[in-house]
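Participant: just coords:
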């Protein structure tokens, strides 16, 4: 498999001078540096299936609710295809006016000529109130194309951090520390099945000495501390992978992961605490396979679990989700992801 090289299309969204108005600016693209002005009203919309075939259309709708202090998106079950396309095209057309679209297509053409793909890097750090929107749905109706769906045009959320990213030098195997947490007093998840499927997905990589999975003996914060201390100098881990429950505490404006206590009951660990625990362990990647692991405050882009690991733990890349996903989707993701990076 040939090495994949990406060029970046940096899309920064800023608040404009008037309330509820914004400016999207392109930086360092191969097609110039245009911008697009838009308002919150341009994004305020609700879509549902046009056929009326389902009993409760709202349960499958993407709903954006806006008030002066809060922007929130709610999902029921995974949206139908026309719902995703309708909402994604609204987002896309709001941002990509004629000049922005030309810059995007020229950047893609330039990358292709130079043997690379184009990565759309979306910086919402200055507009956290827009962070809950599903920007990954960006849909180009002219091409019938979800950009985030394809390896040639991934959409990633980008947060600037103070610490420089050092080159990763890995002596195989790639070592993955896995925390599998199922507190007895929390909702049931198929975490054991996910662990088994993860092991099966990377079996060939483990057999070839390319990757090594290490499951934390117990999902307590004390066990994590002890394991990281013992491995720090001799055999450091490269990837932190959490399987379990996640949540966002609106009152505390902080993401949380549910570890367990000594009795097996839920022990919420704040995003800030997690960042402190992982700070000195030189992880290069974190995979947070938990609901709302990427959700953050409408006032601060760095309060979510994923964002705190980037900013405060110094981990260069974090994979997480804002909304619920099915166990089947989580298992399929793990299988494909580790097969690609190891």
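Facilitator: Thanks, I have the structure now. A quick note: this is a predicted structure, and the numbers were derived from the prediction, not measured.
Participant: then residue 229 would be within a helix, right?
Facilitator: Yes. Counting by DSSP: H, G, I helix; E, B strand; the rest coil, residue 229 is part of a helix.
Participant: look up how far residue 214 lies from it.
Facilitator: 14 Å (C-beta to C-beta, to the nearest Å). To be clear about C-beta, it is placed using only N, CA and C from the backbone, and glycine gets the same treatment.
Participant: settle it for me: which of those two has more neighbours?
Facilitator: residue 214 (14 against 11; other C-beta atoms under 10 Å).
Participant: can you list phi and psi of the nearest residue to residue 172 once chain neighbours are set aside for me?
Facilitator: Excluding the flanking residues, the one nearest residue 172 by C-beta to C-beta, 6 or more residues apart in numbering is residue 210, at 5.6 Å. Reported as degrees, to the nearest 10, the phi and psi values for residue 210 are phi -90, psi -30.
Participant: let me know whether residue 210 touches residue 176 as I believe.
Facilitator: No. Using C-beta atoms under 8 Å, residue 210 is not in contact with residue 176, being 11.2 Å away.
Participant: any idea how many residues pack against residue 93?
Facilitator: Neighbour count of residue 93, defined by other C-beta under 10 Å: 17.
Participant: count of neighbours near the residue nearest to residue 172?
Facilitator: Residue 210 has 15 neighbours, counted by other C-beta under 10 Å.
Participant: sec struct for residue 338, please.
Facilitator: helix.
Participant: now it: how far from residue 317?
Facilitator: Distance of residue 338 to residue 317, computed by C-beta to C-beta: 14 Å.
Participant: higher neighbour count, these two?
Facilitator: Neighbours around residue 338 and residue 317, counted as other C-beta under 10 Å, are more numerous at residue 338. The numbers are 21 against 15.
Participant: what residues are up against the closest residue to the more buried one other than its chain neighbours?
Facilitator: Distances taken as C-beta to C-beta, 6+ apart put residue 202 closest to residue 338, at 4.9 Å, once the chain neighbours are dropped. Residue 202 makes contacts with 211, 213, 338, 339, 342, as judged by C-beta atoms under 8 Å, 6 or more residues apart in numbering.
Participant: for residue 227, same thing?
Facilitator: So residue 227 contacts 177, 214, 216, 217 (C-beta under 8 Å, 6+ apart).
Participant: pLDDT score for it?
Facilitator: You'll see residue 227 listed with a pLDDT of 94.
Participant: if I look at it, how far off is residue 134?
Facilitator: From residue 227 to residue 134 the distance is 35 Å (C-beta to C-beta).
Participant: mind listing what's buried along the top strand by length along the chain?
Facilitator: Criterion DSSP state E: the longest strand present in the chain is strand 6-15. Judged by neighbour count (16 or more other C-beta atoms under 10 Å), strand 6-15 contains these buried residues: 6, 7, 8, 9, 10, 11, 12, 13.
Participant: what does stretch 236-251 give?
Facilitator: By neighbour count on 16+ other C-beta under 10 Å, the buried set for stretch 236-251 is 237, 238, 239, 240, 241, 242, 243, 244, 245, 246, 247, 248.
Participant: will you turn those residues into TSV that also has distance to residue 281 and pLDDT?
Facilitator: Shown next, in TSV, are the buried residues of stretch 236-251 (distance: C-beta to C-beta, whole Å; pLDDT from 0 to 100):
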residue	distance to residue 281	pLDDT
237	7	92
238	10	92
239	11	94
240	8	94
241	13	94
242	14	92
243	18	90
244	19	87
245	22	83
246	20	79
247	24	72
248	24	66
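Participant: which one of those is nearest residue 107?
Facilitator: Set against residue 107, the nearest of these by C-beta to C-beta is residue 239 (30.6 Å).
Participant: that closest one pairs with what?
Facilitator: residue 176, residue 285 (DSSP bridges).
Participant: from residue 146, how far out is it?
Facilitator: Counting by C-beta to C-beta, the gap from residue 239 to residue 146 is 27 Å.
Participant: low-confidence stretches in the protein?
Facilitator: In the predicted model of the chain, residues 1-2, 28-31, 44-79, 160-170, 248-254, 291-306, 311, 322-327, 330, 342 satisfy pLDDT under 70.
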